[in-house]
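S.K.: Okay, structure incoming, though there's no sequence with it:
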């Protein structure tokens, strides 16, 4: 078989088998989210805010949909490998024992590698608002 033929076979095999990590075209999946705490902050300290603490489990090789939160989000990565893409700001690589931060209302999505990921998520959130809002993918960055 020629080098061109071998290359075509390899390319076809990779396309059929797919990679080990999600890509931009991967369909979004739902994470398993368990709320551990939801508590209003003292209005004298900061009115209209609450704290949400969730345990989030992302299936192996899965990507969550793009979304925003009406608050600040902090992560503590417990297990697996997580990647959090933040529109216009790059990505966080979440390894066990590390922490991450998603700014207020920043459009983002999380992905997990082959082992999936387990993340403890803390949010300082606008009281009475839904905990998350779906969003379209990242904004296209075009040259003028």
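M.R.: Structure received. Here the structure is a predicted model, which is why all the values come from computation and not from measurement.
S.K.: low-confidence ranges in this protein?
M.R.: Of all residues in the chain, those with pLDDT under 70 make up the ranges 1-28, 137-144.
S.K.: Let's check: the centremost residue of this protein is which one?
M.R.: In the chain, the residue lying closest to the centroid (CA atoms, centre = their mean) is residue 110, at 1.3 Å.
S.K.: and that one, that's in a strand?
M.R.: Yes: secondary structure of residue 110 (DSSP: H, G, I helix; E, B strand; the rest coil): part of a strand.
S.K.: Would you agree it is in contact with residue 86?
M.R.: No: Residue 110 lies out of contact with residue 86 (CB atoms under 8 Å); the separation is 10.2 Å. (C-beta placed from N, C-alpha, C; glycine too.)
S.K.: how far away is residue 87 from residue 107?
M.R.: Residue 87 sits 4 Å away from residue 107, taking CB to CB, to the nearest Å as the criterion.
S.K.: Quick check on those two: which one has the bigger neighbour count.
M.R.: Taking neighbours as other CB atoms under 10 Å, residue 87 and residue 107 compare with residue 107 leading, 20 against 17.
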